[in-house]
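Asks: Just a sequence and a predicted model for now, questions to come.
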Amino acid sequence: MNRNNEQYMPTTYGSPLRQKRGYPYPKQMTSRQTTLRTNNFTTETNNDDNNVDTTPRPLPPVITNPAYLQGYLRTKIGKFMKVNFLLGTGTFIDKDGILKEVGVDHIVLRDIKTGEDVIGDLYSIKFVEIPD
């Protein structure tokens with residue numbers, strides 16, 4: 001029986017069941033796929049060796065456009081900076097280090113004293129001081 005271009009097979013109860021024909025959306029990532037980000041492009045790779053999609057896709061403009069905080073901070077990767085975070089209603093915390101990475105909602109600073117990475121919430125940043 002063919003109904004809306006899908007094959008159905010009847011059961012003993014009289015209701016049709018759809019035959020399993022694989023995942024209907026091959027472009028969507030499954031749990032075994034990973035995403036690689038290089039420069040301004042995202043590449044999806046499939047670890048199953050079938051349906052490999054290596055088409056570069058541009059990153060969202062919030063990350064690449066310097067009119068946004070994320071885009072501007074990406075132009076300062078590798079520079080020393082002091083970042084002021086607001087926690088709650090009146091608590092400021094200062095973190096300083098070398099900017100290592102900028103994500104959609106976070107930044108990564110490398111602490112120059114300990115060498116550890118410090119990840120901070122982008123939405124709680126209030127001031128960023130970048131000395132010359």
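Replies: Now that the structure is in, tell me what you want to look at. Residues are numbered from 1 along each chain as shown.

Asks: Would you mark the buried spots in the helix ranked longest in the chain?
Replies: Longest helix in the chain by number of residues, with DSSP state H as the criterion: helix 69-74. When burial is assessed from 16 or more other Cβ atoms under 10 Å, helix 69-74 yields the following buried residues: 70-71, 73-74. Using the backbone N, CA and C atoms, a C-beta is placed for each residue, glycine as well.

Asks: Please enumerate the helices of the chain.
Replies: In the chain, the helices defined using DSSP H lie at 61-64, 69-74.

Asks: Who are the packing partners of the longest strand seen in the chain?
Replies: Counting residues, the longest strand found in the chain (DSSP state E) is strand 91-102. Counting contacts by 3 or more Cβ pairs under 8 Å, 6 or more residues apart in numbering; DSSP states H and E, strand 91-102 packs against helix 69-74, strand 80-87, strand 106-110, strand 117-121.

Asks: can you pull the contacts of the nearest residue to Gly120 once chain neighbours are set aside?
Replies: Leaving aside its sequence neighbours, Gly120 sits nearest to Ile107 (Cβ to Cβ, 6 or more residues apart in numbering; 5.3 Å). Contacts for Ile107 (Cβ atoms under 8 Å, 6 or more residues apart in numbering) come out as 73, 83, 99, 101, 119-120, 122, 125.

Asks: Send me stretch 120-132 as PDB with only the CA atoms.
Replies: C-alpha atoms of stretch 120-132 as PDB (Å, rounded to 0.1, in the frame of the first residue of the first chain):
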ATOM      1  CA  GLY A 120      33.700  33.500  31.900                       C
ATOM      2  CA  ASP A 121      30.100  34.200  31.100                       C
ATOM      3  CA  LEU A 122      29.900  36.700  28.300                       C
ATOM      4  CA  TYR A 123      26.600  38.100  29.500                       C
ATOM      5  CA  SER A 124      27.900  39.100  32.900                       C
ATOM      6  CA  ILE A 125      30.800  41.100  31.500                       C
ATOM      7  CA  LYS A 126      30.400  44.800  32.200                       C
ATOM      8  CA  PHE A 127      33.800  46.300  31.300                       C
ATOM      9  CA  VAL A 128      36.900  45.100  29.400                       C
ATOM     10  CA  GLU A 129      40.100  47.000  29.700                       C
ATOM     11  CA  ILE A 130      42.700  46.300  27.000                       C
ATOM     12  CA  PRO A 131      46.000  48.100  27.700                       C
ATOM     13  CA  ASP A 132      48.300  49.200  24.800                       C
END
